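[1] sequence first, predicted model second:
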Amino acid sequence: TGAGNAVLSAAEARAQRIAMFEKKAAATSTTAASTDDDNKMDIDNDTTANENTPMETEPVAVSVEKENTTQNKSEDKQGNVDEVKDDTTMDETTTSTEETEMVDPTLSLPKEHIETLTGAMGFTLLRAQKGLLNGSNSVKGAVEWLMAHQDDDDIDDPIPLVPKHNAAAGATVQSYKCNECGKILSNMANLELHANKTGHSDFEESTQAAKQLTEEEKAAKILEIKSLLKAKRAEREEVEKVDDVEREKQRRSMGQQMIKTKQEMERQATLRHAQKLKKEKESFKRERARIRAELEKDKAERRAHKGKLTSRLGIDGYNPDAIQYDVDAEGDNEGQVQATPVKKKSKASVAKIDEYISKVSGYKAAGDGGKCLKILLAYIKNVVDNPNEEKFKTVNMENKVFKTKVKPFIGAKSLLLAVGFSPNVGGTALVLAEHADREVLTLAKDKIAAAYAAY
C-alpha cells in the first residue's frame, strides 16, 4: 500500500481496502482469544505455585508430611482446573452453535436525523435509513452516501436483518483513519473520496467518533447541501437547455435544407416544362411557316394555271382534299364554272407501306404523327392478335378518333387499305377482307411499332 506501488483503478482499490479491513478484524479476534487463554493459564500457574510453597516455621517431619499433602492437593486442583477448562470449552462450543438472533438495524437510528432527511431534505424513508446506516449515523454522512449511491440498482431494495451485536464484545467501529496523513473519515464514502483525491491507500478502522455537528452547523450544512443540489440542478438544466438549442438548430437547418431541395426540384421541373413548351412552340411556328409557304406556292400555281393544280403536294407540303374547278379556256362561258371531280387516287399497294408510314411520321407539329401511328398500330395489332374477333375487323370512319387523328393525315387511310381493309357499301367503315394476308398484317404491325418507337 505504499506510494511506490502501481496505480490501481477505483474498483480495485476499494476491493483491496475491504479485504484489508476483513483481515485486520480476523487478526484482532484471534489475538483477543489467545490473550484470554494466556491469562487463564497464568492464573492457574500462580495458584498452583502458591499452594506448593511450604511454611518455613514448621518442623521437618511435619514439613515432609505437608509436602506430601500439598502435592496431593495440587494434583487435585490441577485436575479441577482441567475440568473447568473442559467445561468452559464445551460452553463456548454450545454457545457458538446456538442460533444467532437477527434484529432490524433501523430501530437504533436517531429519529431526528430521519425526520431531517425525509422532511427537510426530501429523501424517502428507505433511502434515509440506508444513508444513516452507511453514513455513521450522521446527516452529513447519509447525504454524502446517498449522493454517491443514488443511481445504484439496489438503492430501493429492502434493508435485511442483521445479527444482534454483543455489547461486551468490544468497541464499535465509528470511523476510518488514513495512516498516511492521519485524517479521520466518518464513513466509507468519505474514505473513497479521500483516496481518489489524494491517492492514499493505507486505511484502518477506528473507534474514534467523528465530530458531531451542532444544530447551527447542521442547519448551515443543510443549506449548503441544498445550494449544492440547486447548483447541480441548475447546471444540468443549463446543459439540457444548450442541448435543446443545438437540437433546434439542427432541426431548423435540416428543414431549411429540405425546403431548398424542394425548391430546387420545383425550379428544375418548371425549367423542363418551360423548355418543353418552348420547343413545342418553335416546332409549331416552323410547321405553320412551312404550311403558309406551301399555301403561297399553291396559290401561285393556281394563278399560273388559271385556277388549276397540275399536281398534288408531296409528304412535306399542304395537300388540299377538295374539288378543283376548271375555267373555260375560250372564255365563252366567263363567270361560269364547271365542277369536275379530281382524278381518282392511285390504288393502295403493299409495296408502298413504308412510304405511307413515312408520310404519317412526317407530321411533327404537336405530335400528331405519333398519335396517328399509335391508333393505326392498335387497329392492326388487334386484328393480328385476335384473328377470330369480328369487332376488330371493322374500323368505324364516323368515329371521332378516326376523323380527328387518322383521316386528316396523308398515308394513314392508304396504309389500312394496303393491308386488306376496304370501304363498306355505305362508305361509313373500313372492313377487313376475308382473304387478307396475315403475313402482310404482321409485317405492317412490326413496321408501325418501330416507327412509333422512333418518333
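    It's in.

[2] buried sites along the helix or strand containing Ala378?
    Assigned by DSSP states H and E, Ala378 belongs to helix 368-385. Within helix 368-385, the residues that count as buried by 16 or more other CB atoms under 10 Å are 368-373, 376-377, 379-383. C-beta coordinates here come from the backbone N, C-alpha and C atoms, glycine included.

[3] in the protein, spot the helix with the most residues.
    helix 215-304 (DSSP state H).

[4] kindly provide the whole-number mean pLDDT of that helix.
    For helix 215-304, mean pLDDT is 91.

[5] mind giving me the packing neighbours of it?
    Contacts defined by 3 or more CB pairs under 8 Å, 6 or more residues apart in numbering; DSSP states H and E place helix 215-304 against helix 139-149.

[6] tell me what the helix it packs on is packed against?
    helix 125-134, helix 188-198, helix 215-304.

[7] residues of it that come out buried?
    Applying 16+ other CB under 10 Å to helix 139-149 flags Val139, Lys140, Gly141, Ala142, Val143, Glu144, Trp145, Leu146, Ala148 as buried.

[8] export those to a markdown table and tack on pLDDT and distance to Thr428?
    Formatted as a markdown table, those follow (pLDDT from 0 to 100; distance: CB to CB, whole Å):
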| residue | pLDDT | distance to Thr428 |
| --- | --- | --- |
| Val139 | 86 | 110 |
| Lys140 | 85 | 111 |
| Gly141 | 84 | 111 |
| Ala142 | 87 | 108 |
| Val143 | 89 | 105 |
| Glu144 | 87 | 107 |
| Trp145 | 88 | 105 |
| Leu146 | 89 | 102 |
| Ala148 | 87 | 102 |
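
[9] and what about Gly427, helix, strand or coil?
    coil (DSSP: H, G, I helix; E, B strand; the rest coil).

[10] that one and Lys407, how far apart?
    Noted for Gly427: a distance of 12 Å to Lys407, by CB to CB, to the nearest Å.

[11] those two: which is more packed in?
    Taking neighbours as other CB atoms under 10 Å, Gly427 and Lys407 compare with Lys407 leading, 14 against 9.

[12] what's near enough to touch that one?
    Listed by CB atoms under 8 Å, 6 or more residues apart in numbering, the contact set of Lys407 reads Met397, Lys413.

[13] in terms of helices and strands, where is it?
    Applying DSSP H and E, one finds Lys407 in no helix or strand.

[14] between Gly427 and Lys407, what contacts are shared?
    Joint contacts of Gly427 and Lys407 (CB under 8 Å, 6+ apart) are Met397.

[15] picking that back up, out of the buried residues of helix 139-149, who's nearest Ile291?
    Ala148 (95.5 Å; CB to CB).

[16] helix or strand with the lowest mean pLDDT in this protein?
    strand 325-326 (a mean of 40; mean pLDDT, DSSP states H and E).

[17] from Leu185, how far off is Leu126?
    25 Å.

[18] the two: who's more crowded?
    Leu185 (21 against 15).

[19] how much space between that one and Glu192?
    Applying CB to CB, the value for Leu185 to Glu192 is 9 Å.

[20] check His200 too.
    11 Å.

[21] repeat for Asp156
    22 Å.

[22] what's the angle between the longest helix of the chain and helix 139-149?
    30 degrees (axes from the mean of the first three to the mean of the last three CA atoms, to 10 degrees).

[23] ok and helix 215-304 relative to helix 368-385, angle-wise?
    90 degrees.

[24] residue ranges with poor pLDDT in the chain?
    Applying pLDDT under 70 to the chain flags residues 1-8, 10, 21-100, 163-173, 209-212, 309-346.

[25] leaving out the residues flanking it, which one is nearest to Ile222?
    Ala120 (5.9 Å; CB to CB, 6 or more residues apart in numbering).

[26] what about the one you found, how many residues close to it?
    Ala120 - counted by other CB under 10 Å - has 15 other residues nearby.

[27] how about it, phi and psi?
    Backbone torsions of Ala120, given as degrees, to the nearest 10, read phi -80, psi -40.

[28] can you check Phe203 too?
    According to degrees, to the nearest 10, Phe203 has phi -130, psi 160.

[29] cool, and Gln16?
    phi -70, psi -40.

[30] quick check: the gap between it and Leu161.
    Where Leu161 is concerned, Gln16 sits at a distance of 29 Å (CB to CB).

[31] any idea how far Val245 is from the residue nearest to Ile222?
    Per CB to CB, Ala120 is found 35 Å from Val245.

[32] with Lys230 instead?
    Counting by CB to CB - Lys230 and Val245 are separated by 22 Å.

[33] ditto for Glu180
    Distance from Glu180 to Val245, by CB to CB: 47 Å.

[34] these two: which is more packed in?
    The neighbour count for Glu180 versus Val245, taken as other CB under 10 Å, is higher for Glu180 (16 against 10).

[35] can I take it that that one is in a helix?
    No: assigned with three-state DSSP, Glu180 falls outside any helix and is coil.

[36] wait, the residue nearest to Ile222 sits on Ile225?
    No: using CB atoms under 8 Å, Ala120 is not in contact with Ile225, being 9.8 Å away.

[37] Arg14 contacts Ala189, doesn't it?
    No: applying CB under 8 Å as the test, Arg14 and Ala189 come out as separate, 11.0 Å apart.

[38] which one of these two has more residues nearby?
    Ala189 (22 against 16).

[39] which residue is the nearest non-sequential neighbour of Glu355?
    Per CB to CB, 6+ apart, closest to Glu355 is Gly411, 7.1 Å.

[40] next, count neighbours for that neighbour.
    Quick note: Gly411 (other CB under 10 Å) scores 24 neighbours.
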